[in-house]
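Novice: Structure, please.
(2 chains)
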Amino acid sequence: MRGHYRILLGMAPGVGKTYRMLQEGRQAKAEGRDVVIGYLEPHDRPETAALADGFESVPRLRASHGALELEEMDTEAIIRRGPGLALVDELAHTDAPGLRHEKRYEDIEDVIAAGIDVISTVNIQHLESLNDSIFEVTGVRVRETFPDRILDEADEVVLVDLSPEALQERLRAGKVYRRERAQAALNNFFRIENLGALRELALRELAEDVEQRRRPILLDPLSQQAVAERVLAMVEPQPKSQRIIRRAWRSAQRLGAEIDAVWVKQPGHVPTQEEATQLAALKRLSSILGVHFLEEEGDDLVGTVKRVADDRGSTYIFVGTPDERRRVEILRGSLLSRMVRELPGIDVRVVTDRALREVLDE
Amino acid sequence: MNLLHRKKHLEPGTKRVLVPFTRGGLDQSVLDAAIRIARAEEATLVPAYLIVTPYEFALDAPMSQQVAAAMPLLEAVENAALKAGVPVDARVESGRTPIHGLKRLWGVENFDRIIVPAPQGGPGFTPKDLLWILMHAPAETVLLRPHTNGESPAASDETLGAKVETA
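Specialist: Sure thing, here's the model as predicted:
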């Protein structure tokens, strides 16, 4: 029978993953389980080393890489020893060349396949799918990555959380790195904005993980499709449409939704030079935001938007405040009331100019 | 200002005043000055947030982290201008460097005046960038020194970026 796999996920080094892993190991041991340390990175942290005291540690494998003598986890020795639970630090670690596997998470898979439970640790920056985002946030290209499936396949993923300020405090106190290294770390990777962004990524990743685990139980594929949000922004080649796209994008981010923008032009309409400039700017903005920009022709604005919304599966529509003449409103009904009437099941949000509210209040 | 008067004011101006800025934010004093200039010239203010796309990505690749920082900043700038009765036409432009983004923007759009915040040693424009702008800008360029009270831009409460980030 396959062992149970629990991953302790952190936003950065120093949040206390290894410490937590050892605490959980101690707890398991106190409950009478057979617990060993498969591999531990003490990182010269006295508190961690003290907590590791009293555990049986499976001897490490010595491997040579050029002039370097490296110590690696001995997967075969762990499997031979056959404990109930093995504690293995840093699952994204790259093994020395010539060993059984390239990466430690592959070694862990063997241990789990042998029926041994594993608690392991990793930082969010190592997650393969976030590699570009991490680079964008921190300017650091992380080389040691692990595939997303590892988190998906784990039985449990637990976030070891610490506020960025508390982590910086730990750094300053020399609890993460030696003091001389801590200052450089604070000025680089451990800057407050970096830590904030990494924490957000870790929290979001965990939220998605929780959501994914919940879905198969709660929803069949048809109902999943029914609750997936998709945002549609109705734009025109006008300056205010920049704001509509931006607001729609922000809402889409919060909803975790895809977003489309559509401009419905009259059949045969040739944009003026000003409209062409605005249109190009809207397309550039859409491209930067990852918005799918659509140009559609149609006499009937609401009818065309309805067709697009049906095709794209839109659940939210963002529209600017209409510039309709009162006469048209009386004759045909206002654009908004027609939209609400003709697009049942779709939320309509009017993007207004917030500064206007302040002016009216004054 | 009553609503009718303000609406009249918000008709797009024929002139366009570009105010480019980067992740360093836009100093409140620079923004105020830019709004005053745009109002005096009955121009449309074009605040443009310049995103830097690393070489690993396609130039127009979505840069969600930077964009997430840009959005509230642009919104704040836009609100400040609209509240002052100045029409706004905001932009987000990407490039390999802030200067590259700027060059791409004025390659496709016309501006009558460009207002640039002076370098403060923060993450905004560098003195080298500024020199390049002064030499190559296609319109009259106004260089504005931010009012910092001796503080660095990142630390100053006068910096709109800092205000928005901490909100």
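
Novice: Next secondary structure after the longest helix seen in chain B?
Specialist: For chain B, the helix with the greatest residue count under DSSP state H is helix B:64-83. Next helix or strand after helix B:64-83 toward the C-terminus (DSSP states H and E): strand B:91-95.

Novice: which secondary structure elements does that next one contact?
Specialist: helix A:273-289, strand B:43-52, helix B:64-83, helix B:98-108 (3 or more C-beta pairs under 8 Å, 6 or more residues apart in numbering or on different chains; DSSP states H and E). To be clear about C-beta, it is placed using only N, CA and C from the backbone, and glycine gets the same treatment.

Novice: what packs against the second one?
Specialist: This points to strand B:43-52. Using 3+ C-beta pairs under 8 Å, 6+ apart: strand B:43-52 touches strand B:15-21, helix B:28-40, helix B:64-83, strand B:91-95, helix B:98-108.

Novice: can I get the ones you listed in TSV with mean pLDDT and distance to residue A:61?
Specialist: Formatted as TSV, those follow (pLDDT from 0 to 100; distance: least, C-beta to C-beta, whole Å):
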stretch	mean pLDDT	distance to residue A:61
strand B:15-21	93	54
helix B:28-40	91	60
helix B:64-83	86	40
strand B:91-95	91	48
helix B:98-108	92	50
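
Novice: The residue sitting nearest the centre point of chain A: what's it in contact with?
Specialist: Geometric centre of chain A, nearest residue: residue A:205, 4.0 Å, by C-alpha atoms, centre = their mean. By C-beta atoms under 8 Å, 6 or more residues apart in numbering or on different chains, the contact list for residue A:205 reads A:9, A:124, A:127, A:130, A:151.

Novice: and it, what element?
Specialist: Using DSSP H and E, residue A:205 sits in helix A:192-218.

Novice: For the longest helix of chain B, what is the distance to the chain centroid?
Specialist: Relative to its chain's centre, helix B:64-83 lies at 10 Å (C-alpha atoms, centre = their mean, to the nearest Å).

Novice: Now do it and strand B:43-52, the angle between them.
Specialist: 170 degrees (axes from the mean of the first three to the mean of the last three C-alpha atoms, to 10 degrees).

Novice: Would you mind listing what in chain B touches chain A?
Specialist: Contact residues (C-beta under 8 Å from any C-beta of the partner chain) of chain B with chain A: B:1, B:3, B:6, B:12, B:44, B:51, B:54, B:56-57, B:60, B:62-68, B:71, B:74-75, B:78-83, B:87-94, B:108-109, B:165.

Novice: Just the CA atoms of stretch B:25-33, as PDB, please.
Specialist: Below are the C-alpha coordinates for stretch B:25-33, written out as PDB (Å, rounded to 0.1, in the frame of the first residue of the first chain):
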ATOM      1  CA  GLY B  25       5.200  55.500  -8.900                       C
ATOM      2  CA  LEU B  26       4.500  59.100  -9.600                       C
ATOM      3  CA  ASP B  27       5.300  61.800  -7.100                       C
ATOM      4  CA  GLN B  28       2.200  63.800  -6.000                       C
ATOM      5  CA  SER B  29       3.900  67.100  -6.600                       C
ATOM      6  CA  VAL B  30       4.700  66.000 -10.200                       C
ATOM      7  CA  LEU B  31       1.200  64.800 -10.800                       C
ATOM      8  CA  ASP B  32      -0.300  68.100  -9.400                       C
ATOM      9  CA  ALA B  33       2.000  70.100 -11.700                       C
END
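
Novice: Just the pLDDT for residue 55.
Specialist: No chain in the question, so chain A it is. As predicted, residue A:55 sits at a pLDDT of 93.

Novice: hmm, I had chain B in mind actually
Specialist: pLDDT at residue B:55 comes out at 78.

Novice: Could I get the phi/psi values of the closest residue to it other than its chain neighbours?
Specialist: Using C-beta to C-beta, 6 or more residues apart in numbering or on different chains and skipping the chain neighbours, the partner closest in space to residue B:55 is residue B:96 (6.6 Å). The phi/psi pair for residue B:96 (degrees, to the nearest 10) reads phi -70, psi -30.

Novice: Pull the contacting residues for residue 78.
Specialist: All of this refers to chain A. The contact partners of residue A:78, by C-beta under 8 Å, 6+ apart, come to A:36, A:38, A:58, A:86, A:111, A:116.

Novice: think we crossed wires, I meant chain B
Specialist: If a contact means C-beta under 8 Å, 6+ apart, then residue B:78 has A:243, A:355, B:47, B:88, B:90 as its contacts.

Novice: so what are the domain limits for chain A?
Specialist: Using automatic domain parsing, the domains assigned to chain A come out as A:5-218, A:228-361.

Novice: got JSON lines for the ones you listed, with distance to residue B:38 too?
Specialist: Formatted as JSON lines, the domains of chain A follow (distance: least, C-beta to C-beta, whole Å):
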{"stretch": "domain A:5-218", "distance to residue B:38": "31"}
{"stretch": "domain A:228-361", "distance to residue B:38": "13"}
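
Novice: Tell me which of the ones you listed sits nearest to residue B:27.
Specialist: Of all those, it is domain A:5-218 that lies closest to residue B:27, at 18.7 Å by C-beta to C-beta.

Novice: picking up where we left off before, mind checking which of the contacts of residue A:205 land in helices?
Specialist: Using DSSP H, the contacts of residue A:205 in helices are residue A:151.

Novice: Lowest pLDDT pick from the contacts of residue A:205?
Specialist: Across the set of the contacts of residue A:205, residue A:130 stands lowest in pLDDT, at 79.

Novice: any idea how far chain B is from it?
Specialist: Distance, residue A:130 to chain B, using C-beta to the nearest C-beta, to the nearest Å: 11 Å.

Novice: Tell me which residues touch the closest residue to that residue other than its chain neighbours, please.
Specialist: In this structure, residue A:130 finds its nearest non-sequential neighbour in residue A:201, 5.9 Å apart by C-beta to C-beta, 6+ apart. If a contact means C-beta under 8 Å, 6+ apart, then residue A:201 has A:11, A:124, A:130, A:133, A:134, A:137 as its contacts.

Novice: Report the two of those residues separated the most.
Specialist: Farthest apart among the contacts of residue A:201 by C-beta to C-beta are A:11 and A:133. That separation is 13.0 Å.

Novice: These two - which one has more neighbours?
Specialist: Neighbours were counted for residue A:11 and for residue A:133 using other C-beta atoms under 10 Å in any protein chain shown; residue A:11 has more, 28 against 18.

Novice: Write the PyMOL selection for whichever of the residues of chain B next to chain A are buried.
Specialist: Selecting only the buried entries of these in PyMOL, with 16 or more other C-beta atoms under 10 Å in any protein chain shown as the criterion:
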select buried, chain B and resi 6+44+51+62+63+64+65+66+67+71+74+75+78+79+80+81+82+83+87+88+89+90+91+92+93+94+109+165
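
Novice: Could you give the bridge partners of residue A:36?
Specialist: When assigned by DSSP bridges, residue A:36 has beta-bridge partners residue A:56, residue A:86.

Novice: you'd agree it is up against residue A:82?
Specialist: No - counting by C-beta atoms under 8 Å, residue A:36 does not reach residue A:82; the two are 9.5 Å apart.

Novice: what packs against the helix or strand that contains residue A:250?
Specialist: Per DSSP H and E, residue A:250 falls inside helix A:240-255. Packing partners of helix A:240-255 (3+ C-beta pairs under 8 Å, 6+ apart): strand A:230-234, strand A:258-265, helix A:273-289, strand A:316-320, strand A:347-351, helix B:64-83.
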